[in-house]
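Novice: below are the sequence and a predicted model; questions follow.
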Amino acid sequence: MATLVILIVFALFLTAIWTGGYDKQLLNRFRSHWLWDWITTVDHKKIGILYLIGGAFFFIIGGIEALLIRIQLLVPNNDFMVGDTFNELLSMHGTTMIFFVAMPLLFALMNVAVPLQIGARDVAFPFLNSLGFWLFLAGGILMNLSWIFGNAPDAGWTNYVPIASNEFSPGTGIDYYVLGLQISGIGTTMGGINFLVTIINMRAPGMSLLRMPMFTWTSFVASSLILFGFPPLTAGLFLVMFERLFGANFFDVAMGGNPVIWQHLFWIFGHPEVYIVILPAFGVMSDVISNFSKKRLFGYTSMVFATILIGFLGFMVWAHHMFTVGMGPVANSIFAVATMAIAVPTGIKVFNWLFTMWGGKIRFTTAMLWAVGFIPTFVMGGVTGVMLASPPADYQYHDSYFVVAHFHYVLIGGTVFGIFAGLYYWWPKMFGHKLGETLGKWHFGLFFIGFHLTFFIQHFIGLYGMPRRHFTYQPEDGLTTLNQISTVGAFFMAAGTIVWLINIIKSARSAIPAGNDPWDGRTLEWAISSPAPEYNFAQLPQVRSLDAFWFEKMEGNKKMIPAEPLGPIHMPSSTHWPFIMTIGFFISGLGFVFRSLEVGVLGLILVFLTMFIRSFEQDHGYHIELDEIEKTEKGANA
Amino acid sequence: MSAQVEHKGTQAHLPPHPEKATMESRNKVLGFWFLIGAETVLFACLFGTYLALKDSTMGGPSTEELYQIPMVALATFILLTSSLTSVLGVLGIHRNNIKQVKLWFWVTVVLGAAFLGLEIYEFFEYVHEGHTFTSSAFGSAFYTLVGTHGSHVLFGITWIFCLLIQLSRRGLNMETAPKLYVASLYWHFVDVVWVFIFTVVYLMGKVG
Amino acid sequence: MSRGKHLGRLLFVFSMIALLMAGCEEPAKSVLDPQGSTGEEQLTLIKISIYIMAFVFAVVMVIFIYVLIRYRQKPGDDSIPEQVEGSTKLELLWTVIPIILLAILAVPTVATTFSLAEKPSEEEEALTVKVTAHQYWWEFEYEDYGFKTAQELHIPKDKKVYLKLTSRDVIHSFWVPALGGKTDLNPGQTNTMTIDAKKVGTYEGRCAELCGAGHALMNFEVVVDEEQKFDQWVAQRQEPSSQPQTAAQERGEEVFSQNCMSCHAIDGAELERKGNKAPNLTGFGERDKIAGVLENNDENLEKWLKHPDKVKPGSYMPSFDFLNEKDMKSLKAYLQSLE
Amino acid sequence: METEVQQNQAQQETDPTPESAVKHLLSFALMIGLTLVAFAAVMLEVVPAGMVIPFILVLAVIQVFLQLFTFMHLDLKNNRMTVTFVMMGLIIGAICAVALFVLG
């Protein structure tokens, strides 16, 4: 019956669209609304801001989940949130923070900075870029709907089977995980391909590969990791979906399946994922440290090769997450040695950062504080990483709070610090005004202290025998004080985040224009006005060196030398199809979650229909005419 | 705002390599190669899963009892031939010969459909013998791998079919030519995957 | 601004004090205080890696702090520093030194990985125990002696114990921090692990792989005794005293066979059916804990019997709230009499 | 659109005269031949038992490269980046498949 109703509604919609029998005035009202502008945008800078808003939203949700976890662990045998509820919290916290916070916030920075840094007018696939964002948002919303419908995923962010199979996790919780990740994963893959092609094909004249800023390089390597890392996840999620929805038997031992296959698939993706979220942060750090030390990056070439090497080795080490599975000493040893090898290029990077600052003139802006705070924090996370690489020692650390401490040092101390550094650094380029420096320093201070309070302690909690994902501990375990300190630290971090939000609002209210080049920048994005005009560069710049803009400034030029005469600029037109297609995916996801094959298929039909329409659409964009460009450029320089 | 850009691409101006002529088409081709790279890993994971589970037949028919080599050989030759015909279509693009393009891509679609028909027939046979998607881990892994390939074939013929419609409506121009080129890349990739399926699934299944 | 700085310093001091305080508590089970050779070997490796890594961290910090102090921009100094490209010598230095340090770590790592995976030799006369994990309890089967027990793993001191680990349902992980690291228990697969204990005592064990709602309370104990005492324990397990002595206990056995038998078993008792879905309760009266979490006394036993789900979320044991007071009392008396 | 027709150095070298179908027909013949050999190796048991699987795998790999470099117009000189990424995909794919087979 329900299916019939849906079919009829669907058919009505289709007839309305085809026959034009819909309310044209209403549609026009929609179109003139400012939201429509954002929904249909294909401008990479606007998409970057959308990613920022989406990521920040989920950051708050994931943060609240983290606080609830820490409150539960405040006292032994607490009964605030136990059992399945606690498992839901930790699963959603992990999944949200990785997929819906770290990834989109990095995509925000990449979208804003990469095309500007390589002197491009646009990304290679504006349509896919927009689609990628909407799919991320749809995936995130779909997964978080599980809180409202009362059955969230509860098998950890790793979603190990058989705990995630129908038998041991009945209901729809895991389905939200599977479909939410599948949808946002498709978007992420598209984003990755987009950045790869952009960086390879769309660089300004003279911008050779070895003149690209470090952030562009790390984004490039991270995008290739996305390209090869997400398919195993896609494959794995398909297997889980088939098993949960259609009765397949990949993991059910009774039917000849093998649950370890999921672990391999997950970690073949999962380990590159770690580098996907850390490498762009490395890039931000490289740019920020070099900029605020007034020096070029020390050992640029070795930095580039270290990045590539980290990316490549990142695929050879996934099984170090599985030392205790029982793969045998041979496999364990191979993966242990491969893992240790990654420490070498990472070490190269750390020392290069230190020696970039050596002999420089360091300015402690907020962005630089994040970068400076990042170095000791990340080194801490790195050295515990090497310790974890040794299988016999890992038998003790594995799945204990020691591991929790380690990966938070890397993911917060590396990725989140990097994201904040990047946001403070590029904020003027995104919005035309800086984030407040005083509040910024409070934000950094509270967050930094809170972070170390929370997680330094957790190394010891782990060594004293507390496994991760335990909702409680016993009074006689002697872990009470340690856990309490950790909880207090979490609240410091929350306070820091609140200061950040206040800072955003306050600086937007006063909106003091920051000027084109507020930080005495080195790379191309600082050569154009803030915020960047929609066509980015009125004339494509001629790049003559690494740190192209700095080079021109040292030559005594105030601007980049243009590589082409001023002329009309071709732009892609806005399109609503990515949004419509995403709605199709969303309907399909929701349908499969509720085990309604019809709705699921219907959503997919909408997706393919949109693809079909898009394929037949003839849209060649539009040109921005010369006088308009001149007007904009004049306004920006006035 | 500014005026819409008019599309002026006509057959007469088609450059010898339309797939490399504009930034747009170069992006398209490069991006598509990346997608192929990603799909390679996706299929590799399904192959790995199949290999790990192929002996878990749970009393159902084993690979050796099940597979019918003559039918697989026929399917293989059909698909290999379609790969050749699609490349002949691409040569047509390079010669700016719309008739040749149409002919060879139509042949490709027909061959693809024939392959798909054979595969569906094969699946029916297997289900008949008690080898189903849910009968064992082997069944699940087999149908997932071969079925994913089959769905790629289906997508491929639909895609090329749509492009053929566009071709007859708009002619061979800077818009349709790169699309066809990319579609033929996709078709070759589907063929490459099949080369591994007949080797790893069917032939190795017979060796045991 | 200056007030802000002041507050910042205060925060810093506070956090440092907190970190120091953290060291004061005495942990009950610790990786850093191993009581068996497996744990010791692992600790050796942990120590080697900590020393190497502490060295690396110290070097980074020294350079880091020096740079931050020495090279901050002085007010009024607008000069442009020299734009150094790099230094092949330095870069080689921090490529080669880490490689050497890692090699130093890699050799004992590989050696220990292989030595820990070895099966105990014939001469060592290891005790073999089959460990089966269930949501959320542990079953220990002494194959050589032909009996099963649950929640408490008894082993003799100074003797290798060869564990064969598997799971009945989902993936669990066997962890006794004081005796050695984890090994996963996978359904349909048997992993092995060798441990021993050099000191008599009771060591806490935990499940270390998320296994469902009751994961945090899937605890167990390893009880280490002198060999002689262990043999006594084995003898008693083989000839358990499960016969009711008093009238209350007799009634208790009746209640047990009516309500508990489909899942639980008691060796040596004259009961008709013996369940194997839930822990074997032979010798229950001698156990330290109920369900691995509550101290074993009358009050807690009643709490557990009435609301197992409140004690251990997700527990499959149904509530026995419906038993009348007398039956409950006799059931408890019977259970506590099992030795 | 034509205003945008840019030719980079790599393309300027390409021959404006259309390529002939001979290369592709030869390549196709070779593929059919390799396929026949693979089927024959399994069905007729002409290859020693232990060698059959490696043998047919090698044949499959040769076919892949034939497809890539003839039908798919990949060539090392002009598309270095593409070749790098396709090879990376093949290597990582091979690692995944073998690892799942051996360790799974």
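Specialist: Thanks, I have it.
Novice: how about the residue of the stretch 201-339 of chain C found nearest chain A, secondary structure?
Specialist: Closest to chain A within the stretch 201-339 of chain C is C:P313: 2.8 Å, counting by Cβ to the nearest Cβ. No exception for glycine: its C-beta is placed from N, CA and C like everyone else's. Of the three states, C:P313 takes coil under DSSP: H, G, I helix; E, B strand; the rest coil.
Novice: do the same with the one 5 residues further on
Specialist: Local secondary structure at C:P318 is given as coil here, using three-state DSSP.
Novice: which ones are touching the nearest residue to it once chain neighbours are set aside?
Specialist: Closest residue to C:P318 apart from its sequence neighbours, by Cβ to Cβ, 6 or more residues apart in numbering or on different chains: C:P308 at 7.5 Å. C:P308 makes contact with C:A291, C:S315, C:M317, C:P318, C:S319 under the criterion Cβ atoms under 8 Å, 6 or more residues apart in numbering or on different chains.
Novice: in the stretch 151-300 of chain C, which spans are helices?
Specialist: All helices of the stretch 151-300 of chain C, identified by DSSP state H, counting those that start in this stretch, fall at C:227-238, C:247-259, C:298-306.
Novice: now the residue in chain C positioned nearest to chain B: closest residue in space that isn't a chain neighbour?
Specialist: Per Cβ to the nearest Cβ, C:G188 is where chain C lies closest to chain B, at 10.3 Å. Leaving aside its sequence neighbours, C:G188 sits nearest to A:V253 (Cβ to Cβ, 6+ apart; 3.4 Å).
Novice: do C:V234 as well
Specialist: Excluding the flanking residues, the one nearest C:V234 by Cβ to Cβ, 6+ apart is C:Y145, at 5.4 Å.
Novice: check what pLDDT the one you found gets.
Specialist: Note on C:Y145: pLDDT of 92.
Novice: remind me which helix or strand it belongs to.
Specialist: Counting by DSSP states H and E, no helix or strand carries C:Y145.
Novice: what about it, neighbour count?
Specialist: When neighbours are defined as other Cβ atoms under 10 Å in any protein chain shown, C:Y145 has 15 of them.
Novice: does it touch C:A235 like I think?
Specialist: No. Under the criterion of Cβ atoms under 8 Å, C:Y145 makes no contact with C:A235, lying 9.2 Å away.
Novice: chain center to stretch A:433-443, what's the gap?
Specialist: Centroid displacement of stretch A:433-443 relative to its chain, using Cα atoms, centre = their mean, to the nearest Å, is 23 Å.
Novice: need the contact partners of that stretch.
Specialist: Outside of stretch A:433-443, the residues within contact range by Cβ under 8 Å, 6+ apart are A:365-366, A:369, A:420, A:423-424, A:427-428, A:496-497, A:499-500, A:502-504, A:506-508, A:510-514, A:518, C:1, C:4.
Novice: give me that answer again for 6 Å
Specialist: The contact list for stretch A:433-443 (Cβ atoms under 6 Å, 6 or more residues apart in numbering or on different chains) reads A:366, A:424, A:427-428, A:496, A:499-500, A:503, A:506-507, A:511-512, A:514.
Novice: just the buried residues out of the residues you listed, in PyMOL syntax.
Specialist: Those of those that count as buried under 16 or more other Cβ atoms under 10 Å in any protein chain shown are selected in PyMOL with:
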select buried, chain A and resi 366+424+427+428+496+499+500+503+507+514
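Novice: restricted to strands, list the contacts of stretch A:433-443.
Specialist: Of these, none are assigned to strands by DSSP state E.
Novice: of the contacts of stretch A:433-443, which is the nearest to A:T610?
Specialist: Closest approach to A:T610 among those (Cβ to Cβ): A:W427, at 34.9 Å.
Novice: for the closest one, what are its contacts?
Specialist: A:W427 touches A:L435, counting by Cβ under 6 Å, 6+ apart.
Novice: quick one: stretch A:115-124 near chain D?
Specialist: No. Stretch A:115-124 stays clear of chain D (Cβ under 6 Å from any Cβ of the partner chain), getting no nearer than 12.0 Å.
Novice: any chance of the contacts of stretch A:433-443 in TSV, with pLDDT too?
Specialist: Below are these laid out as TSV (pLDDT from 0 to 100):
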residue	pLDDT
A:T366	96
A:Y424	97
A:W427	96
A:P428	96
A:G496	97
A:V499	97
A:W500	97
A:N503	97
A:K506	96
A:S507	95
A:A511	89
A:I512	92
A:A514	91
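Novice: can you count the residues close to the closest residue to chain D within chain C?
Specialist: Chain D sits closest to C:Q189 of chain C, with a gap of 11.2 Å, by Cβ to the nearest Cβ. Burial of C:Q189 is recorded as 17 neighbouring residues (other Cβ under 10 Å).
Novice: and for A:A56?
Specialist: For A:A56, the count of nearby residues is 18 (other Cβ under 10 Å).
Novice: can you give me the pLDDT of C:N259?
Specialist: 89.
Novice: swap in C:N276?
Specialist: C:N276 is given a pLDDT of 81.
Novice: for the closest residue to chain A within chain B, which non-adjacent residue is spatially closest?
Specialist: With Cβ to the nearest Cβ, the shortest gap between chain B and chain A falls at B:S56, namely 2.7 Å. What sits nearest to B:S56 in space, not counting adjacent residues and going by Cβ to Cβ, 6+ apart, is A:G256, at 2.7 Å.
Novice: so which of the helices of the stretch 151-300 of chain C comes closest to B:E19?
Specialist: Of all the helices of the stretch 151-300 of chain C, helix C:298-306 comes closest under Cβ to Cβ, at 72.5 Å.
Novice: burial of the residue of chain C closest to chain B, as a residue count?
Specialist: Per other Cβ under 10 Å, the neighbour tally for C:G188 reads 16.
Novice: correct me, but it touches A:D252?
Specialist: No. Counting by Cβ atoms under 6 Å, C:G188 sits too far from A:D252 to count as a contact (9.2 Å).
Novice: which residue is the nearest non-sequential neighbour of the residue in the stretch 101-250 of chain C positioned nearest to chain A?
Specialist: Nearest residue of the stretch 101-250 of chain C to chain A (Cβ to the nearest Cβ) works out as C:G181 at 2.3 Å. Computed as Cβ to Cβ, 6+ apart, the closest residue to C:G181 that is not its neighbour in sequence is A:Y395, at 2.3 Å.
Novice: who's in contact with the one you found?
Specialist: Going by Cβ under 6 Å, 6+ apart, the list of residues near A:Y395 reads A:T324, C:G181, C:K182.
Novice: how about a cut-off of 10 Å?
Specialist: A:323-324, A:332, C:31, C:38-39, C:42, C:45, C:112-113, C:116, C:173, C:175, C:180-183, C:193, C:208 (Cβ atoms under 10 Å, 6 or more residues apart in numbering or on different chains).
Novice: is the helix ranked longest in chain C up against chain A anywhere?
Specialist: In chain C, taking DSSP state H as the definition, the longest helix is helix C:37-70. Yes. On the criterion Cβ under 10 Å from any Cβ of the partner chain, helix C:37-70 is in touch with chain A at C:38-39, C:41-50, C:52-57, C:59-61, C:63-70.
Novice: and those, which are buried?
Specialist: Buried among the residues of helix C:37-70 next to chain A (16+ other Cβ under 10 Å): C:38-39, C:41-43, C:45-46, C:48-50, C:52-53, C:56-57, C:60, C:63-64, C:67.
Novice: show me where chain B has helices.
Specialist: Secondary structure of chain B, counting by DSSP H: helices at B:18-21, B:23-53, B:63-66, B:69-95, B:98-128, B:137-170, B:176-196, B:204-207.
Novice: ok, longest helix in chain D?
Specialist: For chain D, the helix with the greatest residue count under DSSP H is helix D:80-103.
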